[in-house]
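Student: Give the three-dimensional model of this entry:
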Amino acid sequence: MVGNMKLKVLKFVVGLIAISITLLFLYTNNLVLPKYLPVGKISNSSVLAEVCDMIITGKKILDGNIPMTPLTPLRNITCQQYLTQNHYIMKPLSKDEAEFPLAYVMVIHKDFDTFERLFRAIYMPQNVYCVHVDEKATSAFKDPVGSLLSCFANAFLASKRESVVYAGLSRLQADLNCLQDLIGSQVPWKYTINTCGQDFPLKTNREIVQYLKGFKGKNITPGVLPPPHIIRRTRYMHLEQKYQLFSFMLWTWIRKMSPPHNLTIYFGSSYVALTREFANFVLQDQRAIDLLGWSKDTYSPDEHFWVTLNRIPEPGSPFPPASDHPPTFGVSHSSILGHRDQPTPFFEPNSLLPINYELPDSSELFHRGGGRRQPPGQHASAGLLHLPLSGLLFRPRRCGSGGRGPLFPRIGRREARECRTSLENAKPTRQPRPLPGRAETISR
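Tutor: Down below sits the predicted model:
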């Protein structure tokens, strides 16, 4: 009797495991029926308002209330027809933009529809775009991306692709592969901005250029000394585990050696804006090369790599003690002498964030919060880094391989409700500072 009971339990467990593996296989290989996004009149304000209302009230978006048609990029049409139909901007819109080209690093792995909209939103002919497609992405995703980029002389696929593991070195390496390709570009870009497939711009290209010009050659690499719960990421070894159906980071209790060159490890954002000079420094300086090698078995190295390199002081120059130093938002860079720390206020005169709102528990809303600076001696938590770039791009809580789905249709009901409540309860702490020629407001 007992033996039969054990056998039944064993069969149940085996069956449950088999079902779980099957569902995981279907999900990771994009075999689930795709849900297409609304196109055609997507730019119509009434349609957008209807969709926003659906999200906030918790109604289904894909229930026939809005006409749905699949995207068909370059299917039976020429590149010129595609560019015309989708209203791509094919010449610089201002002298300032023409003289200040940008370079974009785009790391993607799924949801072509979302990527296509992101690319359309940030595309400008004077900029240059490197797109890294995850090596393990399906051909059904890779092929349309390649076809789309073939229509643009200033956009290309990364020359080397990585099989990205979320929070692994491969995620950072994907950025570096594109950075290496962009350094060889003939486009004289001033700053490079890295994005993931679920980003979407909040500002125009001109506003982004104005914002970056305000940093006067400084990098935007926000960061602090690692909080206690983050220290383990670089103190112990973490190993990438890659399998046919899934991948993950394996945590171990094996202690790592100290960082090379006696570097102090900082913790910050994996999404940054870097000058071309700093990009050369990252790829060529021995300290950067050694730090990359040391970071190969750390957890989420992209969250300490950029900010740590950007905090290297000039030899012999005075440098404030790290423990007394507030989060660094803008730091000047010299590819020969190193880096000189010049803390930059969060709200610049030309800040893209029109008003300083104090959002309650912003870590529950988005991956990158915006708000007050941390006072000296305090450290931001992983979800409460206050970044200038948060005014440029909207990013869901998780980005990159293994992150959230498409930006718009998959935003959760709870997130929408929290966002609405937070904006209603937000307390403005100062008057708006609109950019010249355009007054920005925060829409609910």
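Student: can we go C-alpha only for contacts and neighbour counts from here?
Tutor: Will do.
Student: Dump stretch 140-152 to PDB, keeping only the CA atoms.
Tutor: Extracted in PDB, the C-alpha atoms of stretch 140-152 (Å, rounded to 0.1, in the frame of the first residue of the first chain):
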ATOM      1  CA  ALA A 140      12.400  34.300 -37.000                       C
ATOM      2  CA  PHE A 141      13.700  37.200 -34.900                       C
ATOM      3  CA  LYS A 142      17.200  37.600 -36.300                       C
ATOM      4  CA  ASP A 143      16.200  37.700 -40.000                       C
ATOM      5  CA  PRO A 144      13.700  40.600 -39.700                       C
ATOM      6  CA  VAL A 145      16.200  42.600 -37.700                       C
ATOM      7  CA  GLY A 146      18.900  42.100 -40.400                       C
ATOM      8  CA  SER A 147      16.400  43.000 -43.100                       C
ATOM      9  CA  LEU A 148      15.400  46.200 -41.400                       C
ATOM     10  CA  LEU A 149      19.000  47.300 -40.700                       C
ATOM     11  CA  SER A 150      20.000  46.600 -44.400                       C
ATOM     12  CA  CYS A 151      17.900  49.700 -45.300                       C
ATOM     13  CA  PHE A 152      20.200  52.100 -43.400                       C
END
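Student: Who are the packing partners of the helix or strand hosting residue 82?
Tutor: Assessed by DSSP states H and E, residue 82 sits inside helix 79-85. Packing contacts for helix 79-85, counted by 3 or more CA pairs under 8 Å, 6 or more residues apart in numbering; DSSP states H and E, involve no helix or strand.
Student: could you give me the average pLDDT of it?
Tutor: Helix 79-85 shows a mean pLDDT of 94 in the predicted model.
Student: all strands for the chain, in order.
Tutor: 102-108, 128-133, 155-157, 191-196, 200-201, 218-224, 236-242, 247-255, 267-268, 273-275, 328-334, 338-340, 393-394 (DSSP state E).
Student: strands paired with the fourth one, and their directions?
Tutor: Looking at strand 191-196 with DSSP bridges, its partner strands are strand 102-108 (parallel), strand 273-275 (antiparallel).
Student: how about those, which one is nearest residue 84?
Tutor: strand 102-108 (22.8 Å; CA to CA).
Student: correct me, but residue 252 touches residue 237?
Tutor: Yes. Using CA atoms under 8 Å, residue 252 is in contact with residue 237, at 5.7 Å.
Student: which one of those two has more residues nearby?
Tutor: A direct count of neighbours by other CA atoms under 10 Å for residue 252 and residue 237 places residue 237 higher, at 21 against 10.
Student: Nearest to residue 265 among the strands paired with strand 191-196 would be which one?
Tutor: Among the strands paired with strand 191-196, strand 273-275 sits nearest to residue 265 (CA to CA), with 18.7 Å.
Student: Pull the residues that contact the closest one.
Tutor: By CA atoms under 8 Å, 6 or more residues apart in numbering, the surrounding residues in contact with strand 273-275 are 190-194, 217-221, 389.
Student: how about the helix holding residue 82: buried residues?
Tutor: 79, 82-83 (16 or more other CA atoms under 10 Å).
Student: possible to save those as JSON lines with distance to residue 55?
Tutor: Listed next are the buried residues of helix 79-85 as JSON lines, based on distance: CA to CA, whole Å:
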{"residue": "79", "distance to residue 55": "34"}
{"residue": "82", "distance to residue 55": "30"}
{"residue": "83", "distance to residue 55": "30"}
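Student: worst average pLDDT in the strands of the chain?
Tutor: The weakest mean pLDDT among those belongs to strand 338-340, with a mean of 35.
Student: low-confidence ranges in the stretch 251-400 of the chain?
Tutor: Along the stretch 251-400 of the chain, segments meeting pLDDT under 70 span 314-391, 394-400.
Student: could you dump stretch 106-117 to CSV, C-alpha only?
Tutor: Taking Å, rounded to 0.1, in the frame of the first residue of the first chain, the C-alpha atoms of stretch 106-117 are listed here in CSV:
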residue,chain,number,x,y,z
MET,A,106,21.1,48.3,-28.8
VAL,A,107,21.1,44.8,-27.2
ILE,A,108,18.1,42.8,-28.1
HIS,A,109,16.9,39.2,-28.0
LYS,A,110,13.1,39.1,-28.7
ASP,A,111,10.0,41.0,-29.7
PHE,A,112,10.8,42.4,-33.1
ASP,A,113,7.7,44.7,-33.0
THR,A,114,9.0,46.5,-30.0
PHE,A,115,12.5,46.8,-31.4
GLU,A,116,11.1,48.2,-34.6
ARG,A,117,9.2,50.9,-32.8
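Student: begin at 260 from here
Tutor: In the new numbering, first residue 260, that becomes stretch 365-376.
Student: any idea which of the strands of the chain is most buried?
Tutor: strand 526-527 (a mean of 30; mean count of other CA atoms under 10 Å).
Student: List the strands paired with that one, with their directions.
Tutor: Note on strand 526-527: by DSSP bridges, its sheet partners are strand 477-483 (antiparallel).
Student: ok so, going back, tell me the one of the contacts of strand 532-534 nearest residue 278?
Tutor: Of those, the one sitting nearest to residue 278 (CA to CA) turns out to be residue 453, at 37.5 Å.
Student: Not counting sequence-adjacent ones, nearest residue to the closest one?
Tutor: residue 364 (4.4 Å; CA to CA, 6 or more residues apart in numbering).
Student: Kindly state the beta-bridge partners for the one you found.
Tutor: Beta bridges link residue 364 to residue 389, residue 453, judged by DSSP bridges.
Student: Any figure for the gap between residue 451 and residue 476?
Tutor: Residue 451 sits 12 Å away from residue 476, going by CA to CA, to the nearest Å.
Student: again with residue 393
Tutor: Distance, residue 393 to residue 476, using CA to CA: 31 Å.
Student: Name the residue in those two with the higher neighbour count.
Tutor: More neighbours surround residue 393 than the other of residue 393 and residue 476, with 23 against 20 (other CA under 10 Å).
Student: backbone phi and psi for the more buried one, please?
Tutor: Backbone geometry at residue 393, expressed as degrees, to the nearest 10, gives phi -50, psi 130.
Student: Kindly confirm whether my reading is correct that it touches residue 424.
Tutor: No. Contact criterion CA under 8 Å: residue 393 and residue 424 do not qualify, at 9.4 Å.
Student: What residues does residue 453 make contact with?
Tutor: Residue 453 neighbours (CA under 8 Å, 6+ apart): 363-366, 434, 530-532.
Student: Now for those: which two are most distant?
Tutor: Among the contacts of residue 453, 366 and 532 lie farthest apart (CA to CA), at 14.9 Å.
Student: Kindly export stretch 476-487 (C-alpha atoms) in PDB.
Tutor: Taking Å, rounded to 0.1, in the frame of the first residue of the first chain, the C-alpha atoms of stretch 476-487 are listed here in PDB:
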ATOM      1  CA  GLY A 476      32.500  66.100 -22.100                       C
ATOM      2  CA  LYS A 477      31.600  64.200 -18.900                       C
ATOM      3  CA  ASN A 478      30.400  60.700 -18.800                       C
ATOM      4  CA  ILE A 479      27.000  59.800 -17.200                       C
ATOM      5  CA  THR A 480      27.900  56.800 -15.100                       C
ATOM      6  CA  PRO A 481      25.800  57.100 -11.900                       C
ATOM      7  CA  GLY A 482      27.100  55.000  -8.900                       C
ATOM      8  CA  VAL A 483      27.900  54.700  -5.200                       C
ATOM      9  CA  LEU A 484      29.900  52.400  -3.000                       C
ATOM     10  CA  PRO A 485      28.100  49.100  -3.100                       C
ATOM     11  CA  PRO A 486      25.400  48.700  -0.400                       C
ATOM     12  CA  PRO A 487      25.800  45.600   2.000                       C
END
